[in-house]
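*Asks:* What follows is a predicted structure for the sequence shown.
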Amino acid sequence: MNLLHIADSAFTDQHWQSYYMLLKQLNDKYDSPVARIGWEQTKARLRSLVDSDSNYSRFVVFDGESPVGWSDLKVLSAGTPEQNAMVKIDAVHEVIPAEFERTVGTEILRLLDEQGTTGAHFMATTQRLSAMARHMFARELDHIDRFRLYRDRADTSRMRSWLEELPRANPELHLEFFSPVPEEHLAAYTSLFVTYIREMPTERESDNEFRWSVEETRRDIEWRQKNDVHLYTYALFNDDGVMVGHSNAALTGADPSDVYQAMTGISREYRGRGLSRWLKAALFFKVGEDFPANRYMTTDMRAANAPIQKVNSEMGYVLLSSGNEFELTAEGIRRFMGS
């Protein structure tokens, strides 16, 4: 097997077409998220992602002339003592072959060494991907479940009751909708985002504390605006104008059929009131109103996060797959490569 980075001049339009077909195949076979927007728009979107962030890389693995998988690596807080990385990997194989694992492992190790980073967070949403991480001696953190909420099967009556009851029970709080989050709220939004991830229930603490800067939020917004990718956010404010919670969902304007429900968090002093229900229900209806072609919402969550698991179950989310959250390390990959 061999690989090509999407920014390489050798990555031709023919490669882009075959890579897009691979992404569709992964979606059909494993429910891997993909926007069905055509190969040319996919090319423009992903190339702009690489071009806008020197700390981001994506490469495609080929078996002969056929693409069989891909991976990317993004360095966060680059150039600081706290820098860390995130990795995504996917492949067409039910049982991922050792040659693919070694091809990907070699390149991830090269990128980590190049960036001066010792490890990367990897969310494996299926057991086939978890097996690959274990082969690379990754440190296992949490069990991860992927759920989907089908719009035509959702418990809309229950969610509407939340939107009536929770504002009455919490008159000192109100929701505001953003897309994107405005500049005056970026600092608060980013700070809460980092706090919510750090405070999320976990089975095993990470060795690398999650970090995300306001500048990274701003860069993400700019990229989304250029590529018809929306981040719908409902934020919860108290009477003093302080943001105390938010929930967001990512969607593609040209193909809003699948929306990714991302982070929902409530500040510690406001927890226990069921406020995440208010946020998530408002977001569900807003997406449906603005994008009638939306069919479902997909989300990933830690099995240990019982409060949100309960809310999602009440909304009607159903389990798609289960995997694990890992920390890949340069040391572990080297050990794997030497085995």
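*Replies:* Nice, I can see it. Residues are numbered from 1 along each chain as shown.

*Asks:* alpha carbons only for contacts and neighbour counts from here, please
*Replies:* OK.

*Asks:* Helix or strand: which one has the residue nearest to the spatial centre of the chain?
*Replies:* Geometric centre of the chain, nearest residue: residue 262, 6.8 Å, by C-alpha atoms, centre = their mean. Using DSSP states H and E, residue 262 maps to strand 255-266.

*Asks:* gap between residue 158 and residue 314?
*Replies:* Distance, residue 158 to residue 314, by C-alpha to C-alpha, to the nearest Å: 8 Å.

*Asks:* quick one on the thing from earlier: now for the strand holding residue 262, which elements pack on it?
*Replies:* In terms of contacts (3 or more C-alpha pairs under 8 Å, 6 or more residues apart in numbering; DSSP states H and E), strand 255-266 is packed against helix 186-199, strand 243-252, helix 275-290, strand 296-302.

*Asks:* And the nearest residue in space to residue 32 that is not next to it in sequence, what's its pLDDT?
*Replies:* Using C-alpha to C-alpha, 6 or more residues apart in numbering and skipping the chain neighbours, the partner closest in space to residue 32 is residue 26 (5.6 Å). On the pLDDT scale, residue 26 is placed at 96.

*Asks:* what's the answer for residue 146, then?
*Replies:* 95.

*Asks:* what do you get for residue 9?
*Replies:* At residue 9, pLDDT is 95.

*Asks:* Ramachandran coordinates for it?
*Replies:* phi -60, psi -30 (degrees, to the nearest 10).

*Asks:* what separates it from residue 247, distance-wise?
*Replies:* Residue 9 sits 39 Å away from residue 247 when distances are taken as C-alpha to C-alpha.

*Asks:* Please say which of those two ends up with more neighbours.
*Replies:* Per other C-alpha atoms under 10 Å, whichever of residue 9 and residue 247 has more neighbours is residue 247, with 26 against 8.

*Asks:* Write down the beta-bridge partners of residue 258, one by one.
*Replies:* Beta-bridge pairing for residue 258 (DSSP bridges): residue 296.

*Asks:* what secondary structure does residue 90 sit in?
*Replies:* Assigned with DSSP: H, G, I helix; E, B strand; the rest coil, residue 90 falls in the strand class.

*Asks:* got the contact list for it?
*Replies:* 26, 69, 70, 71, 129 (C-alpha atoms under 8 Å, 6 or more residues apart in numbering).

*Asks:* could you dump these to TSV with distance to residue 40?
*Replies:* Converted to TSV, the contacts of residue 90 look like this (distance: C-alpha to C-alpha, whole Å):
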residue	distance to residue 40
26	18
69	19
70	18
71	20
129	28
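
*Asks:* before we move on, back to that, now distance to residue 227 and mean pLDDT too, for the helices and strands packed on strand 255-266, in JSON lines please.
*Replies:* Output for those, formatted as JSON lines (distance: least, C-alpha to C-alpha, whole Å; pLDDT from 0 to 100):
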{"stretch": "helix 186-199", "distance to residue 227": "20", "mean pLDDT": "96"}
{"stretch": "strand 243-252", "distance to residue 227": "8", "mean pLDDT": "97"}
{"stretch": "helix 275-290", "distance to residue 227": "18", "mean pLDDT": "98"}
{"stretch": "strand 296-302", "distance to residue 227": "20", "mean pLDDT": "95"}
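
*Asks:* Excluding chain neighbours, what is closest to residue 43?
*Replies:* In space, residue 43 is closest to residue 16, 6.6 Å off (C-alpha to C-alpha, 6+ apart).

*Asks:* I meant residue 218, not that one.
*Replies:* In space, residue 218 comes closest to residue 186 once its chain neighbours are excluded; the distance is 7.7 Å by C-alpha to C-alpha, 6+ apart.
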